[in-house]
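Chemist: Fold the following for me, if possible:
(chains A, B, C and D)
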4 protein chains.
Amino acid sequence: MKKHHSISASVIPQSRLHILSSKEMKQLSKASKSNLYDILRRCALAVLNCGSHIDDTTKILEKYNDFDISVVLQSRGIVLEVANAPKHAFVGDEMITGIRELLFSVLRDILFANSEVLTKKERFDLSTTSGTTNAVFHILRNAQCFIPGKLPNMIVCWGGHSIQRNEYEYTKKVGYHLGLRGMDICTGCGPGAMKGPMKGATIGHTKQRHKDGRYVGITEPGIIAAESPNPIVNELVVMPDIEKRLEAFVRTAHGIIVFPGGVGTAEEILYLLGLLLHPDNEDISFPLIFTAPEESADYFTRIDEFIRFTLGYEACKLYKIIVGDAEKVATILAEDMKEVTEQREKIQDAYYFNWSLNISREFQEPFAPTHENIASLSLYRDQTPYKLAANLRRVFSAIVAGNVKEEGLLAIKEYGPYKISGDKELMQALDALLTSFTEQGRMKIDTEVYNPCYEVID
Amino acid sequence: MKKHHSISASVIPQSRLHILSSKEMKQLSKASKSNLYDILRRCALAVLNCGSHIDDTTKILEKYNDFDISVVLQSRGIVLEVANAPKHAFVGDEMITGIRELLFSVLRDILFANSEVLTKKERFDLSTTSGTTNAVFHILRNAQCFIPGKLPNMIVCWGGHSIQRNEYEYTKKVGYHLGLRGMDICTGCGPGAMKGPMKGATIGHTKQRHKDGRYVGITEPGIIAAESPNPIVNELVVMPDIEKRLEAFVRTAHGIIVFPGGVGTAEEILYLLGLLLHPDNEDISFPLIFTAPEESADYFTRIDEFIRFTLGYEACKLYKIIVGDAEKVATILAEDMKEVTEQREKIQDAYYFNWSLNISREFQEPFAPTHENIASLSLYRDQTPYKLAANLRRVFSAIVAGNVKEEGLLAIKEYGPYKISGDKELMQALDALLTSFTEQGRMKIDTEVYNPCYEVID
Amino acid sequence: MKKHHSISASVIPQSRLHILSSKEMKQLSKASKSNLYDILRRCALAVLNCGSHIDDTTKILEKYNDFDISVVLQSRGIVLEVANAPKHAFVGDEMITGIRELLFSVLRDILFANSEVLTKKERFDLSTTSGTTNAVFHILRNAQCFIPGKLPNMIVCWGGHSIQRNEYEYTKKVGYHLGLRGMDICTGCGPGAMKGPMKGATIGHTKQRHKDGRYVGITEPGIIAAESPNPIVNELVVMPDIEKRLEAFVRTAHGIIVFPGGVGTAEEILYLLGLLLHPDNEDISFPLIFTAPEESADYFTRIDEFIRFTLGYEACKLYKIIVGDAEKVATILAEDMKEVTEQREKIQDAYYFNWSLNISREFQEPFAPTHENIASLSLYRDQTPYKLAANLRRVFSAIVAGNVKEEGLLAIKEYGPYKISGDKELMQALDALLTSFTEQGRMKIDTEVYNPCYEVID
Amino acid sequence: MKKHHSISASVIPQSRLHILSSKEMKQLSKASKSNLYDILRRCALAVLNCGSHIDDTTKILEKYNDFDISVVLQSRGIVLEVANAPKHAFVGDEMITGIRELLFSVLRDILFANSEVLTKKERFDLSTTSGTTNAVFHILRNAQCFIPGKLPNMIVCWGGHSIQRNEYEYTKKVGYHLGLRGMDICTGCGPGAMKGPMKGATIGHTKQRHKDGRYVGITEPGIIAAESPNPIVNELVVMPDIEKRLEAFVRTAHGIIVFPGGVGTAEEILYLLGLLLHPDNEDISFPLIFTAPEESADYFTRIDEFIRFTLGYEACKLYKIIVGDAEKVATILAEDMKEVTEQREKIQDAYYFNWSLNISREFQEPFAPTHENIASLSLYRDQTPYKLAANLRRVFSAIVAGNVKEEGLLAIKEYGPYKISGDKELMQALDALLTSFTEQGRMKIDTEVYNPCYEVID
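Modeler: Residues are numbered from 1 along each chain as shown, chains lettered A, B, ... in the order given. Purely as a prediction, here's the structure:
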């Protein structure tokens, strides 16, 4: 039975980075008391499952319940042995090189985060802003994401993983024009708006004979199974949680494009606007474009209205909306890169890591999407805008969990939909927005009927 | 006026190959009595016009009638100065690197063919088989197309430049699966079936981190304007004429895929079957696959019938037809490569150039598509199959000229459609095939009504 | 005055490895309470002083007493600013690239050892064998010294930094023949026998077009000033102390050559023989060759006698002595590499790090060369040979400190020569050996009269 | 017997440049009526014999009289099969990579010169200045010696192949300082002053991590056996004759250093001064330095006197003499490179080929060193200086032939020494110079007693 869809193999890393000590190998073994093996197995499976169209984590884990992975020392270096892995990660019996790379990136980050960052309180005090930022910096540095001397050109693309064909084609076009202009792409991995720009940029880079194009994917163990990185990604970073992942995005980005998406996208938008609305970040130059093809113009009209209504007119000045003009998006960003470069030089901040961006604790602290936490969110319009943005962000974060993450799915199964409450007008606006997402089929991939994981109570 | 669509620039080559002597620069100048300048200008314009959707050579030449090009010596090396070039060859005011490469390839081949090959009768006797083959070899070698030691993996893809969306998507898929298996692509340049496989292979190669993927385009001055090379092509060769171009295809191919196309594709099929039917080539292992998506299955049914009717059952054994299974095409060819490798080793023939393939004079001699030549073709079924294939090939060659080449277009304008005559049944079969091409819109790109450039007289 | 021999400059790293967090930069600053700045300054000065003929640390520090160094963040990455640096590290006003690399290696290792290894007791328990070995492993890994998949070919060369011209020429010849055979070189940095093999191998590698030849230098802060790395070294590692440096040598070596030297060389010989005599290491394949030109044959005759007398005949079976045949040395080692490869594969040990070599605590614990410690060494022949070797090693280690290291020089200045005592015959043998070193001018570089830093008391 | 010093092997090229057509392989075969096989065999043997200390061509040919070479086609490309080749070209049974490269360079140049240049009168009219220069250009271009965009940095080093140890060490030092400054080296191949600068530059380039250092050797079939290229040479060009070799030197040089040498060196000096004295070259910036260690200062004193006496004071202004200061030589040339760069840009001449240097026919026409030709040379001081230089150059050229070239050695054997005559004072000066060469042992390598191959008749 298994023969049809799974395969076992030994996989050798290509880089000299992947060398483990005996102690590290023990930590990763099934026998170890740490939970590293579990995280590794789950993330590895996600990587191997790339290209699949399932975004339900529990289904994937079930389908490959006999999947196994272990690290072995050979004279030539370490080797990963995978058993019963998804067959589509291979061509014949050889693993696709890109997937092999991703697998070792997962190994690297899980090991580093756990043995060098999260467990060393005296070095990284994660209860402070600077300690958390330092942790994010070290994980990214260990993943060799920083290239000194490289001028600002990293465009983070956000947007849905479940989007329509024409939206997908549009993200490819934007990627293509960015690639032609030598810009690199960073997304959250997965299909849809996170894959299209990379594919487009690949063609753009190829036409420009730009052999070092970067396709950076930043993910975290909770989401990776639902949004598995496609093998074009040539730099994968697994951050420990969603908040550090978001921090990684905004500190490495030189500009951000948002494509149509669903709740995850809305979460990202609110996170970023919340940051930029903070008084400390007033002077930061941060190019931000919302863009969609003609046919999907409505999506950003709705978002724009919701932002104006909740966060006010100032928030709307932080982004540009461009409809149906992929080349213009790229041209504007190419121009913006000069400004970003100048600013970094002026304030002596690194190109590769935006140290000067202030991220207040509201945005750094992990938010556990329990029914209790959600119920107690302060969702009232009479707050400082950046604080309201922080709370709205958490709402969307919870819905993402309830839709696709394992912990969320289990919680919903047990306790029913999340209850979201706050001031009446705000609740109505929120409900309208969420309903429009559902109507546009932006909630889940490959699902004919969407069962909301939430209830808005006004 | 010109500002809107044209641009002038100085272009520097990236390779150390592009160095000219003073004498060579003189030969290329407008002032020179040779016609090299004209050929260079025309081919350069074609290359710069890539991505355009015009396939009518005269229209292109007209639109950019003030386009100019010249070679200049600077201390750092030669520089190409282009004036009033198509704007879409540039990003901002910088020429796309891939196009820049193509431009210098054009320069290299035109110069070499004319000053080292065509004009040196004592060295290359083009009236003989071996002299012609030697000329083809030298032009390809000068273009650095041969990589000693590289195992057979070059798949030549033929097919229409004007194909439907789903056919195009299918050619991309096939290219993708070839790329995943490390195979390289060679086509005749231009859009459609000649671009799709390269685009697909680019993604396949990227996923395999295969940085040296080869996207070879082989063209000739008469066709290049109609089928301008897209900038993914990273090795462009301009052969002196259509017959040497075809010889270059079959001597460098390790396998050939034919996608749906029009008359050009039919020409290529007949050329290749004609070769393989020759008694001397009986033992040559030459993988050949005709493939199309489900919806276009009918195309090859018609071709297959025509071949069976004209060349007989033996001819049909030379190819496989695969419908709607892109991965299978790639898997079969990957397997076939082993056989080709073994055979080359057994008979001590080079991987990079199929010396042992016999190409008789019928297939080597340039065929001028004049009304007279066409009228006098021997189109009767009672010939040795390979000779009939040669003559049928010429018919299709003429129709290609009449559809898109400058000389053909002018001849038709002056003397009306070509008259094609021969034995009745054959003429009916031919007419049926050609009519089916017209009905399927396979004759010309972007043309609502097709005015046939031929009349079949039975 | 300073203008004649010093220069100030800003230096940019070339590798993407050199990126520091704000916290790390603070640790390295003069203002920091850590002593990292002092170690950095001292090691940096040593690196910049390469090519000089002074091996007296205090003299160097005095000569460049206004030398200063600091790490600065710029948008393009970190920059090292050096003030009043030795002029011979520059060509014109640009620092020699090789020296620049060494400088950043120093920075990398000092920071890593101090912030990630030495100060993290719960991670690296340096009071245990495995904790210490793990520390050595991590420092080497962080320096990217491990190349998975690379077959055994690393030859460690030991020998004097103050040797005669013909001995130096001989070390070059041996290096040349090693280089011709694709072997890499690792030494302790500095002039003489530590530079010659690298220079020779450079020519050998060049003739073989071997562009990735490795010239590894392993040093430690106490010795680096006296034996500054020459800029051929393309991988420099600064280990925290002499014992970890020795451990780094033996765990990365696939074979060791000893050239004539002085007390430092004797220390290394005794260290290695001590290890190999340990019962746990009985089965380890460890190629070891003592070699000298004809004229210096006597040196190893004396060493050989001393070993036979102190450690016994078994110890002598661990090495081969080859006189005046550079090519033979290389040929034998090339052959030995196959055996080492086989053994590592058989016992599943890594090529790049000899985990299975047992290093007992005697050889791992830092030995502080105080007068008291030296006086209390157990120097009697009725011990297990490997224990006697360990103690004799300490004697030589102390004399090295007394000759060239700052701490030793100061101790001798204050308390007079070290007193070495033990059983009479052993003391006589030791005295004879040391005297022969003095007579052969092997004690210090550029010194006409040698004042012994020790007294042998029998 | 042969086993001791010879070996047979198959050698594969590493570059994609070495691909031959069937026709070309036939031309090179023993069976071909062309003399290509003989030239190839002789040059190949010279290359394989590198490192030997014999400079007598006939002796080498005798010693390896059973040496054989042939070109064979395999599927992976062409292969060179050598039989009974000098063993020192191998390490074990594998040919040293550098020597392998040289072998294929020899093959490339002999084939190209003979099939594309020398035999094509209508293309390269070697009876004219421009035809000859064009031939030189094409041979160098085919050897890929031109790197567009590379700034002037090629230093040609001339000097003796048979020099003293201290002179050799000095040439290494000069090379080292040139290498540290990023300059490349070009010499005539062979030992002594032609090897030292390359060896030195290798170390300089290594310290600067300059991986693309160029070590160009320019030779010709008549001299290659006596001055076989050492394998550091990574670009070897075999010009058809001595005059084209000299032209290749001066057209690619951006500066020239002359070290002490013998008659060959004197020939080169007179050739260059003759060129630079020509009125057409008055404005050409051509850095020229004569340099020697202190102990050999006398050599250039004598040359300087001879030049002043024969060609006058103007000629002496064309060069600088620097004694015993290797770094100064490099510093001056590094400075001069800027001037050369500026001049080339001003007159729009290529960096890589000095088109604007006029080389009149006197210096281009091959001079056959027959007794008759030598006897009829016009050696009188009342000539235009550049014409006298041309004739004196021929005298030295003849003596080189009489000393080491096969044709010269045979002629001397048959007809006795060359007779050189002219005006009395000139003859005395010449005799004095030649005698000083003999006294200084600069005539032949490894020869205790020198039998002059000439007689000066005044």
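Chemist: what about the residue of the stretch 351-458 of chain A found nearest chain C, how many residues close to it?
Modeler: Using CB to the nearest CB, the closest approach of the stretch 351-458 of chain A to chain C is made by residue A:351 at 5.1 Å. Where C-beta positions appear, they are placed from N, C-alpha and C, glycine not excepted. Here the count is done by other CB atoms under 10 Å in any protein chain shown, and residue A:351 has 24 residues near it.
Chemist: can you give me the helices in the stretch 201-350 of chain A?
Modeler: Assigned by DSSP state H, counting those that start in this stretch, the helices in the stretch 201-350 of chain A fall at A:242-252, A:263-277, A:297-311, A:313-316, A:326-346.
Chemist: Which of the ones you listed sits closest to residue B:64?
Modeler: Taking CB to CB, helix A:326-346 is the member of the helices of the stretch 201-350 of chain A nearest to residue B:64, at 21.8 Å.
Chemist: What are the contacting residues of the lowest-mean-pLDDT helix or strand in chain A?
Modeler: Ranked by mean pLDDT, DSSP states H and E, the helix or strand of chain A with the weakest confidence is helix A:57-63, at a mean of 79. Helix A:57-63 is contacted by residues A:42, A:45-46, A:49, A:52, A:54, A:225-226, A:404-406, A:409-410 when judged by CB atoms under 8 Å, 6 or more residues apart in numbering or on different chains.
Chemist: 10 Å - rerun?
Modeler: A:5-6, A:41-42, A:45-46, A:48-49, A:52, A:54, A:56, A:67, A:86, A:222-228, A:404-410, A:413 (CB atoms under 10 Å, 6 or more residues apart in numbering or on different chains).
Chemist: For residue A:358, which three-state class applies?
Modeler: coil (DSSP: H, G, I helix; E, B strand; the rest coil).
Chemist: measure it to residue C:40 for me?
Modeler: Going from residue A:358 to residue C:40 by CB to CB, to the nearest Å gives 31 Å.
Chemist: Which one's more surrounded, these two?
Modeler: Per other CB under 10 Å, whichever of residue A:358 and residue C:40 has more neighbours is residue C:40, with 26 against 15.
Chemist: for that one, what are its contacts?
Modeler: With contact taken as CB under 10 Å, 6+ apart, residue C:40 is in contact with C:27-30, C:69-71, C:80, C:103, C:106-107, C:110-111, C:114, C:221, C:238.
Chemist: Check the gap between the nearest residue to residue A:259 once chain neighbours are set aside and residue B:46 for me.
Modeler: Of all residues not flanking residue A:259 in the chain, residue A:159 sits nearest, at 2.9 Å (CB to CB, 6 or more residues apart in numbering or on different chains). Distance of residue A:159 to residue B:46, computed by CB to CB: 38 Å.
Chemist: pLDDT wise, what is residue A:409 at?
Modeler: For residue A:409, the pLDDT comes out at 84.
Chemist: got the CA positions of the host helix or strand of it in PDB?
Modeler: Element membership for residue A:409, per DSSP states H and E: helix A:406-415. C-alpha atoms of helix A:406-415 as PDB (Å, rounded to 0.1, in the frame of the first residue of the first chain):
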ATOM      1  CA  GLU A 406      -3.200  21.700  14.700                       C
ATOM      2  CA  GLU A 407      -3.600  23.300  18.200                       C
ATOM      3  CA  GLY A 408      -6.400  25.500  16.900                       C
ATOM      4  CA  LEU A 409      -8.200  22.700  15.100                       C
ATOM      5  CA  LEU A 410      -8.100  20.600  18.300                       C
ATOM      6  CA  ALA A 411      -9.400  23.500  20.500                       C
ATOM      7  CA  ILE A 412     -12.300  24.200  18.100                       C
ATOM      8  CA  LYS A 413     -13.100  20.500  18.000                       C
ATOM      9  CA  GLU A 414     -13.300  20.400  21.800                       C
ATOM     10  CA  TYR A 415     -14.800  23.800  22.700                       C
END
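Chemist: Most tightly packed of the helices of the stretch 201-350 of chain A?
Modeler: helix A:263-277 (a mean of 25; mean count of other CB atoms under 10 Å in any protein chain shown).
Chemist: Around chain B, pick out the residues from the stretch 1-150 of chain A.
Modeler: Selection of the stretch 1-150 of chain A residues close to chain B by CB under 10 Å from any CB of the partner chain yields A:14, A:50-51, A:90-92, A:94, A:96-101.
Chemist: still on that earlier bit, kindly provide the distance from the residue nearest to residue A:259 to residue B:107.
Modeler: Distance from residue A:159 to residue B:107, by CB to CB: 43 Å.
Chemist: which of the two has more neighbours?
Modeler: Using other CB under 10 Å as the criterion, residue A:159 and residue B:107 rank with residue A:159 on top: 30 against 24.
Chemist: Now list the buried members of the contacts of residue C:40.
Modeler: Listed as buried from these are C:27-28, C:69-71, C:80, C:103, C:106-107, C:110-111, C:114, C:221, C:238; burial here means 16 or more other CB atoms under 10 Å in any protein chain shown.
Chemist: Could you find the closest non-adjacent residue to residue A:172?
Modeler: residue A:200 (3.8 Å).
Chemist: Point out the residues in the stretch 151-300 of chain A that sit beside chain B.
Modeler: Contact residues, the stretch 151-300 of chain A versus chain B (CB under 10 Å from any CB): A:177, A:180-182, A:198-199, A:202-213, A:215, A:230-234.
Chemist: Selecting buried members of those residues in PyMOL, what would you type?
Modeler: Restricted to buried positions by 16+ other CB under 10 Å, the PyMOL selection for those reads:
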select buried, chain A and resi 177+180+181+182+198+199+202+203+204+205+206+207+208+210+213+215+230+231+232+233+234
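Chemist: For residue A:196, grab the count of nearby residues.
Modeler: With other CB under 10 Å as criterion, residue A:196 counts 26.
Chemist: That one against residue A:168, yeah?
Modeler: Yes. Using CB atoms under 10 Å, residue A:196 is in contact with residue A:168, at 5.1 Å.
Chemist: which neighbours do the two share?
Modeler: Contacts common to residue A:196 and residue A:168, judged by CB under 10 Å, 6+ apart, are A:159, A:259.
Chemist: Among the helices of the stretch 201-350 of chain A, which comes closest to chain C?
Modeler: helix A:326-346 (4.5 Å).
Chemist: and that closest one, what does it pack onto?
Modeler: strand A:154-158, helix A:165-180, helix A:196-207, strand A:255-258, strand A:288-292, strand A:320-323, strand B:90-91 (3 or more CB pairs under 10 Å, 6 or more residues apart in numbering or on different chains; DSSP states H and E).
Chemist: ok, back up a step: in helices only, show me the buried ones among the contacts of residue C:40.
Modeler: Under the assignment DSSP state H, the buried ones among the contacts of residue C:40 contribute C:27, C:28, C:103, C:106, C:107, C:110, C:111 to helices.
Chemist: any idea what sits nearest the last one, other than its immediate chain neighbours?
Modeler: The spatial neighbour of residue C:111 that comes closest, neighbours along the chain excluded (CB to CB, 6+ apart), is residue C:24 at 6.0 Å.
Chemist: how about that neighbour, what does it touch?
Modeler: A:134, A:137, A:138, C:36, C:71, C:78, C:107, C:111, C:112, C:115.
Chemist: Assign the nearest residue to residue A:306 once chain neighbours are set aside to helix, strand or coil.
Modeler: Leaving out its chain neighbours, the residue that sits closest to residue A:306 by CB to CB, 6+ apart is residue A:433, at 5.1 Å. Assigned with three-state DSSP, residue A:433 falls in the helix class.
Chemist: got a list of what residue A:433 touches?
Modeler: With CB under 10 Å, 6+ apart, residue A:433 has these contacts: A:263, A:266, A:302, A:303, A:305, A:306, A:309, A:310, A:396, A:456.
Chemist: Using pLDDT, spot the least trustworthy of those.
Modeler: Least confident by pLDDT among those: that is residue A:456, with 83.
Chemist: residues in contact with it?
Modeler: Listed by CB under 10 Å, 6+ apart, the contact set of residue A:456 reads A:379, A:395, A:417-422, A:426-435.
Chemist: Name only those of the residues you listed that count as buried.
Modeler: Going by neighbour count (16+ other CB under 10 Å), these have A:379, A:395, A:418, A:420-422, A:426-427, A:429-431, A:433-434 buried.
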